[in-house]
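> no FASTA, just this:
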């Protein structure tokens, strides 16, 4: 069987699937520069829609909220994820398999169930919906992804390193800070970036746990999209798509380095 | 106990507390809520009751369940048929551009599916790209009314969920032991027999994992029917969202969510059976 270079048929098939993935986005970006409100035809190049985005004050506030939320949620989930993945890797304790399973179930479970369940929780403990509820929710759904990313890095490490450090008298806390952390730093950075993009893009869970005072970008886009196609949305979506593209590429480059 | 066990116990209590508060407790609360009744002032109220589950037996809800299953089923099948050959080719590809090809599948995986669904509108609307190309090629003469139909919802779902089918299958194919395929050939099996008897069973865990990752979201990504399907398409996701945020009937929404969780559990059970006996787990 030929495994080295794909035949023409295989290449065509790959090409068609990639076209299916990327053509709509490409067209969206092209139309964001189209100098017309409704037509499909090309009416010349314009920055007008980007200009209108720039002047939309509410949009800037929502973008700032999303950005701030993304940074805090990604940082919190990376901190907890680092501790959790190292504990799952190094220690044998009661409930370890249970925690392992839970992490995978959380990745698989439908977002809508998580959103609804967290809404009930926050109502139950009388936490007002807003930044705090969003932060807790976003950290919760990013955490499993950080754990999985960091864990896959940990299992590639040489176990003897820990034994050597222990024999030389290092405490667990010292080993964590000075040995494990630097070694899994690339994975944690990749996890952080992915958490940030997940938080920036999340619609479903945010839809359940956000409050009126803290408008965030994905929900604002959702509201705009429901009212119909407007060139400004094309421009906004193009900006966000390019932004996530850069972040994901960066995260992949970091993750693949030396692993 | 040695003094340096402090670190261990601090870490473990932190993660157990977190998962208890934000994973287990919410889950218990949603299951409990599904057995309570709706209340004007408190959203949920005692006494305990099975009424919400009994109400799900009503034909309106049964229709929604049926429709969700059909749409999610077709979506999963399409993803499997489109994704399997793709994953197989990519996994066995050893060329120069492998990393780039991989990155190009991972990107849709992480970019906003809301934005990507919105981008589809320009493709499939009456005067959109797809219709224009088809008319230009002379395949059709009238634009096909795709937008705001179930077909549009399924296109949107396949478009968004295909990477979730591709990745687990790809991981699985990459771990295939080539010697088994060679052995099958040596023993006289032709390509089709080898595929049916060796490759399909060995990549079944990947297909099941992919199907879990496609089927459940297909029933619950409520914004896709919302923007591509118009008001007619109501799926389980739309139902839950409606019950929680519009009708404010939390116990009912909780009951539907619990049913979804049971479906997830069944899938995981099937997956566990399919991978039993070996360390053939293929997650993301």
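Thanks, I have the structure now. Every value quoted in this text rests on a predicted model; they were computed, and no experiment measured them.
> quick check, central residue of the chain?
The chain I'm using is chain A. Closest to where the C-alpha atoms of chain A average out (Cα atoms, centre = their mean) is residue A:198, at 2.3 Å.
> nope, chain B please
Central residue of chain B (Cα atoms, centre = their mean): residue B:214, at 2.5 Å.
> just the mean pLDDT for the helix or strand hosting it, thanks.
Following DSSP states H and E, one finds residue B:214 within helix B:200-220. Mean pLDDT, helix B:200-220: 91.
> packing partners of that helix?
With contacts defined as 3 or more Cβ pairs under 8 Å, 6 or more residues apart in numbering or on different chains; DSSP states H and E, the packing partners of helix B:200-220 are helix A:96-108, helix A:111-124, helix B:59-92, helix B:150-174, helix B:236-241, helix B:250-274. Every C-beta, even on glycine, is put in place using the N, C-alpha and C of the backbone.
> got CSV for these, with mean neighbour count, mean pLDDT and distance to residue B:201 too?
As requested, the helices and strands packed on helix B:200-220 are exported to CSV (neighbours: other Cβ atoms under 10 Å in any protein chain shown; pLDDT from 0 to 100; distance: least, Cβ to Cβ, whole Å):
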stretch, mean neighbour count, mean pLDDT, distance to residue B:201
helix A:96-108, 16, 90, 23
helix A:111-124, 25, 94, 32
helix B:59-92, 18, 93, 14
helix B:150-174, 24, 93, 11
helix B:236-241, 26, 91, 32
helix B:250-274, 19, 89, 9
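> which one of those lies nearest to residue A:213?
The closest of the helices and strands packed on helix B:200-220 to residue A:213 is helix A:111-124. By Cβ to Cβ, the value is 14.6 Å.
> immediately after that closest one, which helix or strand?
Past helix A:111-124, heading to the C-terminal end, the next element that is a helix or strand (DSSP H and E) is helix A:131-154.
> flag the shaky bits of chain A, pLDDT-wise.
Low-confidence segments of chain A (pLDDT under 70): A:1-6, A:38-40, A:228-229, A:258-259.
> distance to residue A:7 added to the helices and strands packed on helix B:200-220, as CSV?
Listed next are the helices and strands packed on helix B:200-220 as CSV, based on distance: least, Cβ to Cβ, whole Å:
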stretch, distance to residue A:7
helix A:96-108, 36
helix A:111-124, 40
helix B:59-92, 10
helix B:150-174, 17
helix B:236-241, 41
helix B:250-274, 31
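> and the ones you listed: which comes nearest residue A:234?
Nearest to residue A:234 among the helices and strands packed on helix B:200-220 is helix B:150-174; the distance by Cβ to Cβ comes to 17.4 Å.
> and residue B:16, how far from chain A?
In this structure, residue B:16 lies at 7 Å from chain A, with Cβ to the nearest Cβ, to the nearest Å as the measure.
> and the contacts of stretch A:126-143?
With Cβ atoms under 8 Å, 6 or more residues apart in numbering or on different chains as the test, stretch A:126-143 has contacts from A:65, A:69-70, A:72-74, A:76-77, A:80-81, A:84, A:106, A:111, A:114-115, A:118-119, A:122, A:194-195, A:198-199, A:202, A:205-206, A:208-211, A:213-214, A:216, B:18, B:22-23.
> among these, which ones are in helices?
Counting by DSSP state H, these place A:65, A:69-70, A:72-74, A:76-77, A:80-81, A:84, A:106, A:111, A:114-115, A:118-119, A:122, A:194-195, A:198-199, A:205-206, A:208-209, B:18 in helices.
> may I see the PyMOL selection of the buried members of these?
This is the PyMOL syntax for the buried subset of those, where burial follows 16 or more other Cβ atoms under 10 Å in any protein chain shown:
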select buried, (chain A and resi 65+69+70+72+73+74+76+77+80+81+84+106+111+114+115+118+119+122+194+195+198+199+205+206+208+209) or (chain B and resi 18)
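> re the thing from before, next, the buried residues of the helix holding residue B:214.
Of all the residues in helix B:200-220, those buried under the rule 16+ other Cβ under 10 Å are B:202-220.
> count the neighbours of residue 175 for me.
If you meant another chain, say so; for now it's chain A. The local packing of residue A:175 (other Cβ atoms under 10 Å in any protein chain shown) involves 20 other residues.
> correction: the question concerned chain B.
By other Cβ under 10 Å, 14 other residues sit near residue B:175.
> do residue B:94 as well
With other Cβ under 10 Å as criterion, residue B:94 counts 10.
> same deal with residue A:45?
The local packing count at residue A:45 equals 10, with neighbours defined by other Cβ under 10 Å.
> next: residue A:215.
Residue A:215 sits with 17 neighbouring residues when counted by other Cβ under 10 Å.
> verify the stated contact: it with residue A:63.
No - here residue A:215 lies out of contact with residue A:63, judged by Cβ atoms under 8 Å, at a distance of 9.8 Å.
> to residue A:33, which of the helices and strands packed on helix B:200-220 lies closest?
Proximity to residue A:33 (Cβ to Cβ) singles out helix B:150-174 among the helices and strands packed on helix B:200-220, at 23.2 Å.
> so which bits of the stretch 151-284 of chain B are right by chain A?
Residues of the stretch 151-284 of chain B lying near chain A by Cβ under 8 Å from any Cβ of the partner chain: B:159, B:162-163, B:181, B:191, B:212-213, B:216-217, B:219-223, B:226-227, B:237, B:240-241, B:244-245, B:250, B:253-254, B:257, B:260-261, B:264, B:268, B:283-284.
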